[in-house]
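S.K.: Okay, sequence plus prediction incoming.
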Amino acid sequence: MSQLQEMEKRLADGQREYVLDVKTQDMEINMGPQHPATHGVLRVVLTADGEVLTSATPYVGYIHRCAEKIGESVDYKMFLPYTDRYDYLAAMNNNVGYCLAVEKAGGIEVPPRATWLRMIICELNRIGSHLIAFGTYGLDLGAFTPFLYGFREREWVMSLFEKLCGARLTYSYAYPGGVINDAPEGWLDELLRFCDVFDKKYQEYDALLTRNKIFIERTRNVGIVTKDQALRYGWTGPSLRASGVRFDVRESQPYLFYDQISFDVPIGRGEMGTTGDCWDRYYVRMLEMLQCTRMLRQCVERIQADTTPGEFLTKLKNYRITPGEAYVGIDNPRGELGHYVVADGKDVAYRIKIRGPSFCNLSILPEILPGAMLADAVAIIGSMDIVLGEVDR
Amino acid sequence: MNFDEIADRIEELHQGAVQARVGEPAKDPYLRISSESLVEVMRTLHADRDLAFELLISVTGMDWSTWTPKMPRVKKGDEPLPEPESPVSRYEVVYHLLSVSQNHRLVIKVACADDERPAQPTLTGIYPAADWLERETWDLMGIDFQGHPDLRRILCAEDWVGHPLRKDYEFPTEYHGISAE
């Protein structure tokens, strides 16, 4: 007689209460490495007790190329295209970060026009990158429309980059000593038009997702990362700021000409729930996009007033960097991207270390996933906006 | 705080821990700390209210075995450029720290005494961020972090042979029957 039949018999006999001896067992679930919500090839082994997660173990490295080894095998200029490929959604920022480190090590001067152009491309790429974060995050949580709206504006960003350097994803535009070519005629005016249109379209994103009731319910009070946790796990960038820490390398330790323009640093305030929840991380990125257009307008104004067209690159006889070392950390859309260059006087680096923000941000998973609901794993991983190309490098 | 104030503070609190202090004209000034006092110094750097290095930004393994710096030629009459400090051991670990409340940075270098089995104490007890950063350094440079709770490869495959960033690393000719030549 099965347990169920036994229970039915006893109930028929008039027994009112019956406790079924249910055996429960933790379930191990494999998420990835090919999973639409892991934003690349990330594998997380989840253990769930019913609907609640009890442990999470991430496995990374599926697209490891050892960029650092390549960096000490090819010369400084030849490594530039590789920098496009770790955080492929923010290739311009990677180029600039790498060039700044090489220039600091080698004491290479950069003309002001190139510096302004670098700021423009960094902020424009930040918009492009945050639009992906916005769109795919909606996609992760089941909203398809925002993704299409985000891609509409992103397409314009891509075409602006295409006009500037001929590439749509892997730009290699910044170059040690400046940038590879000047902005074509009318490009800066088109950029201003883009800023105006973007600010209007931003209202649509807010209406579609930010204030969407279902979206808010899925993200508020989910995946809370406290200020202390964020710092202990080496979080940087928008994710750190969402936990309520006001630190932006652009503001606190300015590089390029960030000290000459004005902008705000949005931080998480727990508007919908608790500070440092998924909604905060999402919203900090949204607010940053508005700051980007504000910065872009100032950059265009300054580049037109202060610089001479045509002076965009310091031509050097050779790229032999004086022995020594330099570290430059810049604020990428995902956090602090650091390049640590050790030069030995030849035209090939002795050692290049790349500090990828996604790598450090991801390492918190085993700490914050346990205790969350299984369905929220996707919401939490998506809110960190990681790029696996950079985790694996 | 600037580099000199930080260095003074460390020398005052941990006597004998600082082995070298390389300030200007180096582009990134750094402190060389003895391996034995690393954990204690890091604990101070993290907990001290004026130092307050909350963030461990990166951990870098260095292999100095093929280091032959070539100083640029200088014109007659010009001062020759200062040469960087010569490596003190084959392997070395470089820590980059950042304080978001005090807004300063610091570079700490620690030499590994043993060239055959380079090792350092782990910092996972102070900075959980060190967990993955040290695993990466172990994986790519083969530096053993003693006391690390889970020191295994992170980026390379589990059965990978060798540590790719070592200067004497030999590239594999095949992997599971797939030719790499």
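M.R.: On my side now, so go ahead. Residues are numbered from 1 along each chain as shown, chains lettered A, B, ... in the order given.
S.K.: now the lowest-mean-pLDDT helix or strand in chain B, how far from the chain's geometric center?
M.R.: When the helices and strands of chain B are compared on mean pLDDT, DSSP states H and E, strand B:18-22 comes out lowest with a mean of 82. The chain centroid and the centroid of strand B:18-22 are separated by 14 Å under Cα atoms, centre = their mean, to the nearest Å.
S.K.: How about that strand and chain A, any contact?
M.R.: No - for strand B:18-22, no contact with chain A is found by Cβ under 8 Å from any Cβ of the partner chain; the gap never falls below 10.2 Å. C-beta here means a position set from N, CA and C on the backbone, and glycine is covered the same way.
S.K.: just checking, what packs against that strand?
M.R.: helix B:3-13, strand B:30-33 (3 or more Cβ pairs under 8 Å, 6 or more residues apart in numbering or on different chains; DSSP states H and E).
S.K.: Comparing the ones you listed, which stretch has the densest surroundings?
M.R.: Burial of the helices and strands packed on strand B:18-22 is given as mean neighbour count (mean count of other Cβ atoms under 10 Å in any protein chain shown); strand B:30-33 ranks first at a mean of 22.
S.K.: State the paired neighbours of it in the sheet, together with their directions.
M.R.: According to DSSP bridges, strand B:30-33 forms sheet pairs with strand B:18-22 (antiparallel), strand B:104-111 (parallel).
S.K.: now the angle between helix B:3-13 and the last one, please.
M.R.: Angle of strand B:104-111 versus helix B:3-13, following axes from the mean of the first three to the mean of the last three Cα atoms, to 10 degrees, is 60 degrees.
S.K.: Then the shortest one?
M.R.: With the same axes, to 10 degrees as the basis, strand B:18-22 and helix B:3-13 are set at 170 degrees to each other.
S.K.: thinking again about what came up before, I'd like the strands paired with strand B:30-33 laid out as TSV, including distance to A:Met7 and mean neighbour count.
M.R.: What follows is the strands paired with strand B:30-33, written out as TSV (distance: least, Cβ to Cβ, whole Å; neighbours: other Cβ atoms under 10 Å in any protein chain shown):
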stretch	distance to A:Met7	mean neighbour count
strand B:18-22	74	15
strand B:104-111	66	21
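S.K.: Go through those and name the closest to A:Ile63.
M.R.: Closest approach to A:Ile63 among the strands paired with strand B:30-33 (Cβ to Cβ): strand B:104-111, 29.7 Å.
S.K.: tell me the average confidence for the helix or strand just after the closest one?
M.R.: Later in the chain than strand B:104-111, the nearest helix or strand by DSSP states H and E is strand B:119-121. The average of the pLDDT scores along strand B:119-121 is 91.
S.K.: Which strands or helices does strand B:119-121 pack on?
M.R.: Short answer (3+ Cβ pairs under 8 Å, 6+ apart): strand B:119-121 packs on helix B:38-47, strand B:144-146.
S.K.: Just name the most buried of these.
M.R.: helix B:38-47 (a mean of 18).
S.K.: any bit of that helix sitting next to chain A?
M.R.: No - residues of helix B:38-47 are not located near chain A by Cβ under 8 Å from any Cβ, the shortest gap being 9.4 Å.
S.K.: And the next helix or strand past that helix?
M.R.: strand B:55-63.
S.K.: Check what contacts the helix or strand immediately after that next one in the chain and list those residues.
M.R.: Remark: after strand B:55-63, the chain's next helix or strand is strand B:91-99, criterion DSSP H and E. Contact partners of strand B:91-99, identified using Cβ atoms under 8 Å, 6 or more residues apart in numbering or on different chains, comprise A:327, A:329, A:336, A:338, A:340, A:353, A:355, B:30, B:42, B:45, B:51-64, B:104-112, B:115, B:118, B:120, B:123, B:137, B:141, B:143.
S.K.: what do you get if the cut-off is 6 Å, keeping everything else the same?
M.R.: Strand B:91-99 is touched from outside by A:327, B:52-53, B:55, B:57-62, B:105-112, B:118, B:120, with contacts defined as Cβ atoms under 6 Å, 6 or more residues apart in numbering or on different chains.
S.K.: same check, this time on stretch A:124-133
M.R.: By Cβ under 6 Å, 6+ apart, the residues outside stretch A:124-133 that reach it are A:Leu89, A:Ala90, A:Met92, A:Asn93, A:Gly150, A:Arg154, A:Val157, A:Arg285, A:Met289, A:Cys292, A:Pro333, A:Asp385.
S.K.: need the residues you listed in JSON lines with distance to A:Val225, pLDDT and neighbour count, can you?
M.R.: Formatted as JSON lines, these follow (distance: Cβ to Cβ, whole Å; pLDDT from 0 to 100; neighbours: other Cβ atoms under 10 Å in any protein chain shown):
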{"residue": "A:Leu89", "distance to A:Val225": "22", "pLDDT": "90", "neighbour count": "25"}
{"residue": "A:Ala90", "distance to A:Val225": "22", "pLDDT": "90", "neighbour count": "26"}
{"residue": "A:Met92", "distance to A:Val225": "28", "pLDDT": "92", "neighbour count": "28"}
{"residue": "A:Asn93", "distance to A:Val225": "23", "pLDDT": "93", "neighbour count": "25"}
{"residue": "A:Gly150", "distance to A:Val225": "24", "pLDDT": "89", "neighbour count": "26"}
{"residue": "A:Arg154", "distance to A:Val225": "27", "pLDDT": "92", "neighbour count": "19"}
{"residue": "A:Val157", "distance to A:Val225": "29", "pLDDT": "93", "neighbour count": "20"}
{"residue": "A:Arg285", "distance to A:Val225": "15", "pLDDT": "92", "neighbour count": "26"}
{"residue": "A:Met289", "distance to A:Val225": "22", "pLDDT": "92", "neighbour count": "25"}
{"residue": "A:Cys292", "distance to A:Val225": "24", "pLDDT": "92", "neighbour count": "22"}
{"residue": "A:Pro333", "distance to A:Val225": "18", "pLDDT": "92", "neighbour count": "28"}
{"residue": "A:Asp385", "distance to A:Val225": "13", "pLDDT": "87", "neighbour count": "27"}
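S.K.: could I get those as JSON lines with distance to A:Thr47?
M.R.: Shown next, in JSON lines, are the contacts of stretch A:124-133 (distance: Cβ to Cβ, whole Å):
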{"residue": "A:Leu89", "distance to A:Thr47": "31"}
{"residue": "A:Ala90", "distance to A:Thr47": "33"}
{"residue": "A:Met92", "distance to A:Thr47": "40"}
{"residue": "A:Asn93", "distance to A:Thr47": "36"}
{"residue": "A:Gly150", "distance to A:Thr47": "34"}
{"residue": "A:Arg154", "distance to A:Thr47": "37"}
{"residue": "A:Val157", "distance to A:Thr47": "41"}
{"residue": "A:Arg285", "distance to A:Thr47": "30"}
{"residue": "A:Met289", "distance to A:Thr47": "37"}
{"residue": "A:Cys292", "distance to A:Thr47": "40"}
{"residue": "A:Pro333", "distance to A:Thr47": "32"}
{"residue": "A:Asp385", "distance to A:Thr47": "25"}
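S.K.: Keep only those of those that are in helices.
M.R.: Per DSSP state H, helices hold the following members of the contacts of stretch A:124-133: A:Met92, A:Asn93, A:Gly150, A:Arg154, A:Val157, A:Arg285, A:Met289, A:Cys292.
S.K.: My guess is the last one contacts A:Cys122. True?
M.R.: No - contact between A:Cys292 and A:Cys122 fails when scored by Cβ atoms under 6 Å: they sit 9.1 Å apart.
S.K.: if we can go back for a sec, mean pLDDT added to the helices and strands packed on strand B:18-22, as a markdown table?
M.R.: Below are the helices and strands packed on strand B:18-22 laid out as a markdown table (pLDDT from 0 to 100):
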| stretch | mean pLDDT |
| --- | --- |
| helix B:3-13 | 87 |
| strand B:30-33 | 90 |
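S.K.: Dump the C-alpha coordinates for the least confident helix or strand of chain B into PDB.
M.R.: Output of strand B:18-22 as PDB, limited to C-alpha atoms (Å, rounded to 0.1, in the frame of the first residue of the first chain):
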ATOM      1  CA  VAL B  18      58.800  48.500   5.100                       C
ATOM      2  CA  GLN B  19      61.800  47.200   3.200                       C
ATOM      3  CA  ALA B  20      61.900  50.000   0.600                       C
ATOM      4  CA  ARG B  21      60.100  53.200  -0.100                       C
ATOM      5  CA  VAL B  22      60.100  54.300  -3.700                       C
END
